[in-house]
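Undergrad: What follows is a predicted structure for the sequence shown.
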Amino acid sequence: MAANEPRKSKAERRDAARREAERLAAKQAATEKRNRLIIVVASVLVIALVGVAGFFIWKESQRTLLTEFEGARPAASTDTGGITFGADAVAGTTVEQAPELEVYLDFMCPHCGTFEAVNGGDIKTLLDEGAVTLSVHPLNFLDRQSSEGDFSSRAANALATVADAAPEQAYDFMQALFATQPAEGGAGLTDEEMGQIAVEAGVPQEVADTIAAGTFLEWVTVASDQARNDGVGTTPSIFLEGSRWTGDWATQGTLLQAVRDAA
């Protein structure tokens, strides 16, 4: 204390101490508030970063061989290689909130022919009712079972061609292809024969004439590879609401009821 500085009273010293305590408390409160704000901001940033990372991980998981496929692909197709059919069996459409039925098939596969004979009418009924979204995956698994070595690919291309340019006739054409299914091991139908079948199913002649161009053959190959990546090794393979359906498709009405139950 300086020599000339007056001595503070006890009350003044108490007030000074109180003010200093209040200053220190206010400083401590401000520090704690700032630290809480830093923690909150940091937490928000972490959550945002986790969300962004999760989004990109999810987005990457949705990528398929067809996501960035630059070849010709039918307008009615999906990134998993399916051709969708919605209400009234029109290719390229879906039915909102209806169960999704996926069928992986090969036009040379005799079991697929049986599947169509048993269930084709029931599926058409569901489509006409707007009670299902059907996704047909035409594959080339059995090319080797045709003497020319390419019937499955050409038949899948034929369906893709019709689905792309004549979507209202595509389902009828698919049923007609199975109705005239060649024996396994033979040459299969020619492109011209499939074109004639298409016309008889109501497909315009100018669309049927383009089947022989093989516009979607590369797409068929990539879509078939994607099916293998998705764990499909045999035909027919049926998925209902994203899960493999192992019910008795050989008994008429069983699949129909399963789809109705899923709804």
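TA: Received, thanks.

Undergrad: contacts and neighbour counts: CA atoms only from here.
TA: Noted.

Undergrad: Assign a three-state SS to the spatially most central residue of the chain, would you?
TA: The residue lying closest to the centre of the chain (C-alpha atoms, centre = their mean) is T80, at 5.7 Å. Look at T80: counting by DSSP: H, G, I helix; E, B strand; the rest coil, its state is coil.

Undergrad: how close does it get to C109?
TA: 21 Å (C-alpha to C-alpha, to the nearest Å).

Undergrad: What of V220?
TA: Using C-alpha to C-alpha, V220 is found at 16 Å from C109.

Undergrad: For the stretch 51-200 of the chain, which segments count as strands?
TA: For the stretch 51-200 of the chain, the strands defined by DSSP state E, counting those that start in this stretch occupy 83-85, 100-105, 133-138.

Undergrad: Mind picking out the helix or strand in this structure with the poorest mean pLDDT?
TA: Using mean pLDDT, DSSP states H and E, helix 10-61 stands out as the lowest-scoring helix or strand of the chain, at a mean of 66.

Undergrad: quick one, what contacts T78?
TA: By C-alpha atoms under 8 Å, 6 or more residues apart in numbering, the contact set of T78 is T84.

Undergrad: mind checking pLDDT for it?
TA: Looking at T78, its pLDDT stands at 97.

Undergrad: same thing with the one 3 residues further on?
TA: Here the pLDDT value assigned to G81 is 98.

Undergrad: check contacts around the closest residue to it other than its chain neighbours.
TA: What sits nearest to G81 in space, not counting adjacent residues and going by C-alpha to C-alpha, 6 or more residues apart in numbering, is A223, at 4.6 Å. Residues counted as contacts of A223 (C-alpha under 8 Å, 6+ apart) are L65, L66, T80, G81, G82, H137, L139.

Undergrad: Pull the residues that contact stretch 197-215.
TA: 72, 154, 157-158, 161-162, 165-166, 169-170, 172-173, 176-177, 191-192, 194-196.

Undergrad: meant to ask about stretch 248-257, not that
TA: Residues contacting stretch 248-257 (C-alpha under 8 Å, 6+ apart): T114, F115, V118, N119, D122, I123, L126, G247.

Undergrad: Apply 6 Å and report the result again.
TA: Residues from elsewhere that reach stretch 248-257, judged by C-alpha atoms under 6 Å, 6 or more residues apart in numbering: V118, D122.

Undergrad: tell me how far that stretch is from the chain's mean position?
TA: Centroid displacement of stretch 248-257 relative to its chain, using C-alpha atoms, centre = their mean, to the nearest Å, is 24 Å.

Undergrad: Now do the end-to-end distance for it.
TA: One end of stretch 248-257 to the other measures 11 Å (C-alpha to C-alpha).

Undergrad: List the buried residues of it.
TA: Residues of stretch 248-257 classed as buried under the neighbour-count rule (16 or more other C-alpha atoms under 10 Å) are W249, Q252, G253, T254, L255, L256.

Undergrad: Would you check how far apart the closest residue to S153 other than its chain neighbours and A179 are?
TA: What sits nearest to S153 in space, not counting adjacent residues and going by C-alpha to C-alpha, 6+ apart, is N140, at 4.8 Å. Counting by C-alpha to C-alpha, the gap from N140 to A179 is 19 Å.

Undergrad: Comparing those two, which residue is more hemmed in?
TA: When N140 is set against A179 and neighbours are counted by other C-alpha atoms under 10 Å, the residue ahead is N140, at 28 against 14.

Undergrad: Stretch 96-116: end-to-end distance?
TA: Counting by C-alpha to C-alpha, you get 25 Å between the two ends of stretch 96-116.

Undergrad: Pull out the buried positions in it.
TA: Using 16+ other C-alpha under 10 Å as the test for burial, stretch 96-116 gives 98-110, 112-116.
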